[in-house]
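J.: Attaching a predicted model along with its sequence, questions to come.
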Amino acid sequence: MSILTDLRVLYHIVAKPVRGKDHAARLESFYSGQAEAYDDFRRRLLQGREAMYQSIPVPEGGVWVDLGGGTGANLEPISADLHKARKVYLVDLCDSLLAVARKRCAASGWKNVEAVADDATAFRPADGPADVVTFSYSLTMIPDWFAAIDNALAMLRPGGTIGVTDFFVARKYPAEGLKRHSWSTRTFWPTWFGSDNVFLSPDHIPYLQRNFSTLRLEEKRAKVPYLPLIRVPYYTFIGRKAFSTSNTKGTEIS
């Protein structure tokens, strides 16, 4: 990928005003000019995605829902096993990213993958409960991320798996065993990303741990392209929905 292409992506990330009367319009404003170049730049910035997807088995005859799935690049690390699933849904509100996703599905022969324009807080698979729900750097872009997690919990079958990787900042006083971040980290990164309507939260990990059994949790830092001395914090969470008959956070699919 050329430096000129990177500069165009950086312009959209750093300088281009984001406009729109609702969340979908703001996403389109942010991504429309960089959708085709999106994947290469984000591959260097968004760490942990490949490892997370590869660590979750594709459910045989099951349903996988990728909320905020964007261009579909999230699925490339598990491309060889996608055929095992009955259905895979790529859900996003941004038409420009979904257009790239549909091209990728056609080129890759992913016949059981459907790119769907819908809201992560409201989408439900038409063919029953999901076996896996994933969010890759999408929770920070969903204004009501609590509702998105609640929706994931509701659509998952008992014993189903959730996988999340995203940027974050720690709480000022994190629970025992969780990372502690300096005041500068907790202040700088939310300000930096906030101009692009990417909202880092200290509450992702606690909320996920409250609603799911933790199978894996990693809190790390990633390099930022063209800023070699700076590391941005990110986490990976893999959890399991409890085996129960009721769901206090929403209406469970049966």
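T.: Arrived safely, thanks for sending.
J.: And the one helix or strand Lys103 maps to, what does it pack against?
T.: Assigned by DSSP states H and E, Lys103 belongs to helix 95-108. Helix 95-108 sits against helix 23-31, helix 38-45, strand 87-92, strand 113-117, with contacts defined as 3 or more Cβ pairs under 8 Å, 6 or more residues apart in numbering; DSSP states H and E. Heads up, the C-betas are built off the backbone N, CA and C, glycines and all.
J.: and Pro59, that one's in a helix?
T.: No: counting by DSSP: H, G, I helix; E, B strand; the rest coil, Pro59 is not found in a helix; it is coil.
J.: What is the neighbour count of it?
T.: Using other Cβ atoms under 10 Å, Pro59 is surrounded by 19 other residues.
J.: My read is that it contacts Gly128, right?
T.: No: between Pro59 and Gly128 there is no contact under Cβ atoms under 8 Å: 12.0 Å.
J.: Cross-check the contact I'm expecting between Phe243 and Gly160.
T.: No: using Cβ under 8 Å, Phe243 and Gly160 do not qualify as a contacting pair, with a distance of 9.8 Å.
J.: With neighbour numbers in mind, choose between those two.
T.: The neighbour count for Phe243 versus Gly160, taken as other Cβ under 10 Å, is higher for Gly160 (24 against 10).
J.: Where in this structure is the helix or strand with the lowest mean pLDDT?
T.: helix 3-10 (a mean of 49; mean pLDDT, DSSP states H and E).
J.: could you pull out the helices for the protein?
T.: 3-10, 23-31, 38-45, 49-54, 95-108, 145-155, 183-194, 204-211 (DSSP state H).
J.: any idea which of those scores lowest on pLDDT?
T.: Mean pLDDT values for the helices of the chain show the minimum at helix 3-10, a mean of 49.
J.: ok and the longest strand seen in the chain relative to helix 183-194, angle-wise?
T.: Looking across the chain with DSSP state E, the single longest strand is strand 227-240. Relative orientation of strand 227-240 and helix 183-194, computed by axes from the mean of the first three to the mean of the last three Cα atoms, to 10 degrees: 90 degrees.
J.: Show me what strand 227-240 packs onto, helices and strands only.
T.: Using 3+ Cβ pairs under 8 Å, 6+ apart: strand 227-240 touches helix 49-54, strand 156-167, helix 183-194, helix 204-211, strand 213-224.
J.: and those, which is most packed in?
T.: Most buried of those by mean neighbour count (mean count of other Cβ atoms under 10 Å) is strand 156-167; its value is a mean of 23.
J.: Could you list the low-confidence segments of the stretch 151-254 of the chain?
T.: Counting by pLDDT under 70, the stretch 151-254 of the chain contains low-confidence ranges at 226, 244-254.
J.: and with 50 instead?
T.: 247-254 (pLDDT under 50).
J.: measure Gln54 to Thr134 for me?
T.: Here Gln54 is placed at a distance of 12 Å from Thr134 (Cβ to Cβ, to the nearest Å).
J.: Check Val169 too.
T.: Taking Cβ to Cβ as the measure, Val169 falls 22 Å from Thr134.
J.: Repeat that for Val91.
T.: Taken as Cβ to Cβ, the span from Val91 to Thr134 is 10 Å.
J.: Now list whatever residues contact both of those two.
T.: Listed as contacting both Val91 and Thr134 by Cβ atoms under 8 Å, 6 or more residues apart in numbering are Val65, Asp66, Leu67.
J.: Can I get these in CSV including neighbour count and distance to Gln209?
T.: Shown next, in CSV, are these (neighbours: other Cβ atoms under 10 Å; distance: Cβ to Cβ, whole Å):
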residue, neighbour count, distance to Gln209
Val65, 28, 21
Asp66, 27, 22
Leu67, 28, 19
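J.: Appreciated, that's everything.
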